[in-house]
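> quick one: sequence plus predicted model below, questions after.
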Amino acid sequence: MAETIPGLTAQGGERSAILEHQERRLQEQLAKIRHKIMVMSGKGGVGKSSVAVNLAIGLSLQDFMVGLLDVDLHGPNVPKMLGLRRGRLQRRPDGRIGAIVYSPNLKFLSIEPLLPQEDAAVIWRGPLKISAIRQFIADIDWGKLDYLIIDAPPGTGDEPLTVAKTIPDAYALLVTTPQEVSLIDVRKSYNFCRKVKMRILGLVENMSGFICPHCGKEVDLFKRGGGERLAEELGIKFLGRIPVDPRIVAAGDAGKPVIAAYPESKTAEAFEELVRNVVAATEEFFRDVEEGRYMRLAVPVEGPVVAESLEGADLFALYDVEKGQVKVKDVAKKPEDSPLDLWLKEQVVTHLIVPQIPEELKQKLTNIGVRLVEGVAPKTKADLAVQDYLAGIIK
């Protein structure tokens, strides 16, 4: 696999040039994808991959163009569930590699087809995993997609963190089961998202009730409703509940996801409802940003007040605003070696409030979608500057 990680094997200036080129390709690719959703959970065994796979197929059956990216590098399950464990990457005429085609509307990528044997162990530390995930996005030609579904391993380690930093406008879809132990762990995923400033699309309660294979009735084998109550408590959307159905396991092992293999089943109906709710939620989130109902404002500060100049500023107050109200306030320090435009993009900033912006920065910030708000008086309290902007006093 060493040849697939050129950024790590190169030295000095060569490595810097490779990474810069990869960053450009990564941004070009992400610009072609309307919605990016990372499916994650606080613990293993909650059926996260089953949810990701059936969600991707359900979206593709609704005529959306969908990509499914498996970033579980140590235990990839997506190829098995799709019945394509040894699928082949397609080389395009321009030399780029295309993702593996599952159907006309769905393509996927996992590390498993790249391994020398199906059961080969991937023994990688953080830097290799980070580089591989970035390459999965930047160096693979996904084409134009409506949705990119990303199946992350459980927990809050390197893989979900890399996705959050590489795709700053991705949403998180949290998967839990009704048991208390799972609900405790999903709170960790919730806190992870808040920490890395990833918007949470909503929560899915998997294994919610058991479908008897003999009579078809539903039995509350592992409790029911805990996920919905937790979503209400956390103030996030509840996107649906998926029952325990033995056919999910059998269909997954056979490489035929249940939503397509048993379209008339209650489980397929539950996944179809999840698909509808995800479509509605992503479009709502998209409109919130486009129409200004959701904003992340950044203000360069010196203590509690607005810094006199953007040049040299390293502390920024960050405000999450929903429907005109400040919901979250944070202060973050920009690393010295990080360009301001890239750092603001990592922070998913939508608006920058400053006294004045140097001309050379304006185009860079506009190119990454940051809206520029100039004219605030230096030494104004940052909280007051934000309130003035929300009130329309600062344009």
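On my side now, so go ahead.

> can you list the low-confidence ranges for this protein?
Low-confidence segments of the chain (pLDDT under 70): 1-16, 18-19, 86-87, 94-95, 210-224.

> okay, domains of it per the record?
Domain ranges of the chain: 2-290, 294-390, per automatic domain parsing.

> what is the burial count for Ser131?
Number of residues near Ser131 (other Cβ atoms under 10 Å) recorded here: 20. Glycine gets a C-beta too; all of them are placed from N, C-alpha and C.

> secondary structure element for it, which one?
Element membership for Ser131, per DSSP states H and E: helix 126-138.

> in its sheet, what does whatever helix or strand comes next after that helix sit against?
For helix 126-138, the following helix or strand on the C-terminal side (DSSP H and E) is strand 140-141. Using DSSP bridges, the strands paired with strand 140-141 are strand 97-98 (parallel).

> and for the strand it pairs with, what are the contacting residues?
Strand 97-98 is contacted by residues 89-92, 107, 139-141, 143 when judged by Cβ atoms under 8 Å, 6 or more residues apart in numbering.

> and for stretch 295-314?
Here stretch 295-314 has contacts from 197, 289, 315-321, 331, 333-334, 336, 340, 344, 347-358, 361, 376-383, 385-386, 389, using Cβ under 8 Å, 6+ apart.

> quick one: residues contacting Val386.
Applying Cβ under 8 Å, 6+ apart, the residues near Val386 are 297, 299, 317, 319, 321, 326, 353.

> nearest spatial neighbour of Leu89, skipping sequence neighbours?
Spatial nearest neighbour of Leu89, chain neighbours left out: Ile97 (4.9 Å); criterion: Cβ to Cβ, 6 or more residues apart in numbering.

> related to what we said a few turns ago, will you turn the contacts of Val386 into CSV that also has neighbour count and secondary structure?
Conversion of the contacts of Val386 to CSV gives the following (neighbours: other Cβ atoms under 10 Å; DSSP: H, G, I helix; E, B strand; the rest coil):
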residue, neighbour count, secondary structure
Leu297, 24, strand
Val299, 27, strand
Ala317, 22, strand
Tyr319, 24, strand
Val321, 21, strand
Val326, 15, strand
Ile353, 25, strand
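
> show me where the stretch 101-250 of the chain has strands.
Using DSSP state E, counting those that start in this stretch, the strands of the stretch 101-250 of the chain run over 106-109, 140-141, 145-151, 171-176, 199-211, 218-219, 238-244.

> show me the one of these that comes nearest Leu61.
strand 106-109 (8.9 Å; Cβ to Cβ).

> quick one: list the elements packing against that closest one.
helix 48-61, strand 66-70, helix 78-82, strand 100-103 (3 or more Cβ pairs under 8 Å, 6 or more residues apart in numbering; DSSP states H and E).

> tell me which of the ones you listed sits nearest to Asn367.
Where the helices and strands packed on strand 106-109 are weighed against each other on Cβ to Cβ, the nearest is strand 66-70, at 24.0 Å.

> neighbouring strands for the closest one, and are they parallel or not?
strand 106-109 (parallel), strand 145-151 (parallel).

> and Asn77, what does it touch?
With Cβ under 8 Å, 6+ apart, Asn77 has these contacts: 49, 70, 151.

> same check, this time on Ser103
Applying Cβ under 8 Å, 6+ apart, we find Ser103 in contact with Ser60.

> buried stuff in the helix holding Ser131?
128-138 (16 or more other Cβ atoms under 10 Å).

> do stretch 171-185 as well
Quick answer for stretch 171-185 (16+ other Cβ under 10 Å): 171-178, 182-183, 185.

> just flag the most distant two among these.
Tyr171 and Pro178 (23.1 Å).

> list just the nearest of the contacts of strand 97-98 to Ala260.
Minimum distance to Ala260 across the contacts of strand 97-98 is 15.8 Å, recorded for Lys107 (Cβ to Cβ).

> any idea how far that closest one lies from Lys48?
20 Å (Cβ to Cβ, to the nearest Å).

> same deal with Leu73?
Distance from Leu73 to Lys48, counting by Cβ to Cβ: 15 Å.

> more neighbours, those two?
Set Leu73 next to Lys48 and count neighbours by other Cβ under 10 Å: Lys48 wins out with 26 against 19.

> quickly note the distance from the more buried one to Asn54.
11 Å.

> and what of Met295?
Remark: distance between Met295 and Asn54 (Cβ to Cβ) = 33 Å.

> the two: who's more crowded?
Asn54 (27 against 20).

> for Val71, see how far away that one is.
As judged by Cβ to Cβ, Asn54 and Val71 stand 18 Å apart.

> pull the longest helix from this protein.
Longest helix in the chain by number of residues (criterion: DSSP state H): helix 266-290.

> so what are the sheet partners of whatever helix or strand His35 lives in and their directions?
Per DSSP H and E, His35 falls inside strand 33-40. In the sheet, strand 33-40 lines up against strand 145-151 (parallel), strand 171-176 (parallel) (DSSP bridges).
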